[in-house]
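Asks: Show me how the following folds:
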Amino acid sequence: MSKNKGRKVVSLPIVEANAAGIDIGATQIFVAVPADRDVEPIRCFDTFTADLERLADWLEQCQIRTVAMESTGVRQSLQSYRHYQHLIQEVDGQVKQMTRRLPGRIDIGEKPLPKEKNPRKTPWRNEPPQLREDLYRTFGVDLTQIPGINTLTAQMLLTEIGPDLSRFPTAAAFCSWLRLCPEPKISGGKVLSSKTRPTKNRAALALRMAAQGLHRSQTFLGDYFRRMKARLGTPKAMTAAAHKLARIVYHMITTHQEYDTTVFQELERRVQDRKRMKLRAQARALGFELVAREAVP
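Replies: Residues are numbered from 1 along each chain as shown. You can find the predicted model right below:
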């Protein structure tokens, strides 16, 4: 016997005749149109682009002008996103309080925070307010002046290493702890390999990501990364640039000196001289002679 026998069918008023119902799943979409619009008023579509285009054509063919969508997954995802964003804000608040409790190495009133070198139009999505000022007070220097290092990178260095690097006697020891130095294997006076040791150090990972961001930087460090990438490949170039960034960070924190671009001007001049000498040597090998010309103003 049918379970529906004896039940009354309630007729609801039609508010919108040209409407369809859509139930959206992760891999399939079920669509229902009024029964008088198609022989098969309920259809199932996949979620690929071609299937979505067929769905749109079918709705247009059935003269559908509006749809009622049900998507439990989207609603749950939005709730989960908001929940985790709330947890992130709570953690950021705790980190900020702990940072404020760290002893300051500088009086911002006497030595104000330097002007940001590359200000963003919008702050980083997960960047707590006044983070750059707190880091400047804690470290005593502004690490964000270094090309490739932003506030989140500097915060990672603070949480993983701390503001005091006195336990590392030299920059080499600091880089070795980060495992950004090669570990040569020598046998019989012959170097068998000189790979860096694998590491899960989050501070080293942050510096590697900062080094990767130097790809488009029009600075000495950006030029250094591109040279290493052309000669050694991207992975080794990231390690080499991260090693250089680590040395700069160590020097700034231990000497309380701000990042100075003039230090690299002499290095940049030497790089340009080597490039010119190489081009002249290549031209002579091909029977040509390079003649310098004055720059056009």
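
Asks: where does the stretch 1-150 of the chain dip in pLDDT?
Replies: Along the stretch 1-150 of the chain, the parts satisfying pLDDT under 70 run over 1-10, 71-77, 118-128.

Asks: what about 80?
Replies: Along the stretch 1-150 of the chain, segments meeting pLDDT under 80 span 1-12, 26, 70-81, 116-129.

Asks: That one: helices as residue ranges?
Replies: With helices called from DSSP state H, counting those that start in this stretch, the stretch 1-150 of the chain shows them at 49-61, 72-101, 131-139.

Asks: Now render these as TSV, adding mean neighbour count and distance to residue 27.
Replies: The way it works is simple: take the backbone N, C-alpha and C, and place the C-beta from them, glycine included. Formatted as TSV, the helices of the stretch 1-150 of the chain follow (neighbours: other CB atoms under 10 Å; distance: least, CB to CB, whole Å):
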stretch	mean neighbour count	distance to residue 27
helix 49-61	13	10
helix 72-101	11	11
helix 131-139	21	41
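
Asks: all strands in the stretch 151-297 of the chain, in order from the N-terminus.
Replies: For the stretch 151-297 of the chain, the strands defined by DSSP state E, counting those that start in this stretch occupy 185-187, 190-193.

Asks: weakest of the ones you listed by average pLDDT?
Replies: Per-stretch mean pLDDT for the strands of the stretch 151-297 of the chain is lowest at strand 190-193 (a mean of 66).

Asks: So if we follow the domain assignment, how does the protein break up?
Replies: 19-70, 142-259, 261-291 (automatic domain parsing).

Asks: Pick the most deeply packed of the ones you listed.
Replies: For those, ranked by mean neighbour count under the definition mean count of other CB atoms under 10 Å, the leader is domain 142-259 at a mean of 17.

Asks: and the end-to-end length of that one?
Replies: Start to finish, the residues bounding domain 142-259 are 8 Å apart (CA to CA, to the nearest Å).

Asks: now the domains of the chain as CSV including distance to residue 93?
Replies: What follows is the domains of the chain, written out as CSV (distance: least, CB to CB, whole Å):
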stretch, distance to residue 93
domain 19-70, 34
domain 142-259, 14
domain 261-291, 35
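
Asks: Residue 90 is nearest to which of those?
Replies: Proximity to residue 90, assessed across the domains of the chain by CB to CB, is greatest for domain 142-259 (15.9 Å).

Asks: roughly how far is the closest one from the heart of the chain?
Replies: 17 Å (CA atoms, centre = their mean, to the nearest Å).
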